[in-house]
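1. sequence unknown, structure follows:
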Ligand SMILES: Nc1ncnc2c1ncn2[C@@H]1O[C@H](COP(=O)(O)OS(=O)(=O)O)[C@@H](OP(=O)(O)O)[C@H]1O
Ligand SMILES: Nc1ncnc2c1ncn2[C@@H]1O[C@H](COP(=O)(O)OP(=O)(O)O)[C@@H](O)[C@H]1O
């Protein structure tokens, strides 16, 4: 992929992130949910957004399943495609943060290197990695879309946890254990963390 900034100059606006945050009445940052398929990323993202909405906080969910229907519908699940998927999503999440909105990204994002790459796109206090932890066994029992069954039958190649790796995050800001606690309790933990850091 070509990357030449030689003839491209950044164009600055008059209204910036600070002004947009001021009008929204809160700061903006990216919450990055990573975990196995079926670990609970989407469920937590939806419940979290609902809770924040009722506190008057603007959010936008970027979810792997949805983004892969549009922006990233030309990408598969090879390590290279997953990297490009996450690079693009990182850039989109950054645009939302610049727009003064909290972006909630829910992607398997299985590789430490790719998550580090996305983290490096943000300022230190603008990227919060949340490991949605759940045993593979429990994810397979849940199998909300029947994908594990199909992966075990050899019908889906490079399926995370079965025939492709999931690297457990090394130093996420937060871990929520969805095989021990309810969606509600996991969301409470996230909101508590954001309040304790005065992010909301
Ligand atoms: N091979 C393979 N491996 C993993 N997941 C697969 C695969 N094929 C399809 N799916 C479906 O795609 C969803 C994951 O997409 P992501 O964009 O989050 O994946 S990644 O971050 O690029 O690894 C994932 O959604 P979630 O179950 O919500 O995680 C699956 O529904
Ligand atoms: N604590 C929890 N957090 C999130 N999901 C949970 C939890 N406990 C049970 N679940 C269930 O697990 C499934 C997770 O599916 P989903 O949210 O689509 O996961 P993912 O987006 O990671 O693939 C849902 O059916 C959800 O109701």
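-> Thanks, I have the structure now. What you see is a predicted model; the values in this text were computed from it and never measured. Ligands and ions are numbered 1, 2, ... in the order given.

2. in this structure, what residue is nearest ligand 2?
-> With CB to the nearest ligand atom, the shortest gap between the chain and ligand 2 falls at residue 40, namely 2.3 Å. C-beta here means a position set from N, CA and C on the backbone, and glycine is covered the same way.

3. wait, what's in contact with that residue?
-> Residues in contact with residue 40, defined by CB atoms under 8 Å, 6 or more residues apart in numbering, are 132, 134, 176, 178, 183, 186.

4. what is the mean pLDDT for the lengthiest helix in the chain?
-> Among the elements of the chain assigned as helix by DSSP state H, the one spanning the most residues is helix 79-98. Per-residue confidence for helix 79-98 averages out to 98 on the pLDDT scale.

5. what residue is smack in the middle of the protein?
-> The geometric centre of the chain, computed from its C-alpha atoms, lies nearest to residue 105 (CA atoms, centre = their mean), at 2.6 Å.

6. Check that one and give its pLDDT.
-> Confidence per residue is given as pLDDT, and for residue 105 that number is 98.

7. before we move on, the earlier item: quick check on the contacts of residue 40: which are buried?
-> The neighbour-count test (16 or more other CB atoms under 10 Å) marks 132, 134, 176, 178, 186 as buried among the contacts of residue 40.

8. Please flag which of these sit within helices.
-> In helices, defined here by DSSP H, the members of the buried ones among the contacts of residue 40 are residue 186.

9. quick one: which two of the buried ones among the contacts of residue 40 are the most distant?
-> Set against one another by CB to CB, the buried ones among the contacts of residue 40 have their most distant pair in 134 and 186, with a gap of 10.3 Å.

10. Next one: residue 149 relative to residue 140, how far apart?
-> Distance of residue 149 to residue 140, given as CB to CB, to the nearest Å: 8 Å.

11. For those two, work out which one has more neighbours and name it.
-> Taking residue 149 and residue 140 together and counting by other CB atoms under 10 Å, residue 140 has the greater number of neighbours (18 against 12).

12. what sits against the more buried one?
-> For residue 140, the set of contacting residues under the criterion of CB under 8 Å, 6+ apart consists of 38, 148.

13. in which helix or strand would I find it?
-> When elements are defined using DSSP states H and E, residue 140 is found to belong to helix 136-142.

14. and the host helix or strand of residue 45, what does it pack onto?
-> With secondary structure defined by DSSP H and E, residue 45 is part of helix 41-53. In terms of contact count using 3 or more CB pairs under 8 Å, 6 or more residues apart in numbering; DSSP states H and E, helix 41-53 is assigned the packing partners strand 30-34, strand 59-63, strand 102-106, helix 183-196.

15. Serialize those to a markdown table and add fields for distance to ligand 1.
-> Converted to a markdown table, the helices and strands packed on helix 41-53 look like this (distance: least, CB to the nearest ligand atom, whole Å):
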| stretch | distance to ligand 1 |
| --- | --- |
| strand 30-34 | 8 |
| strand 59-63 | 7 |
| strand 102-106 | 7 |
| helix 183-196 | 14 |
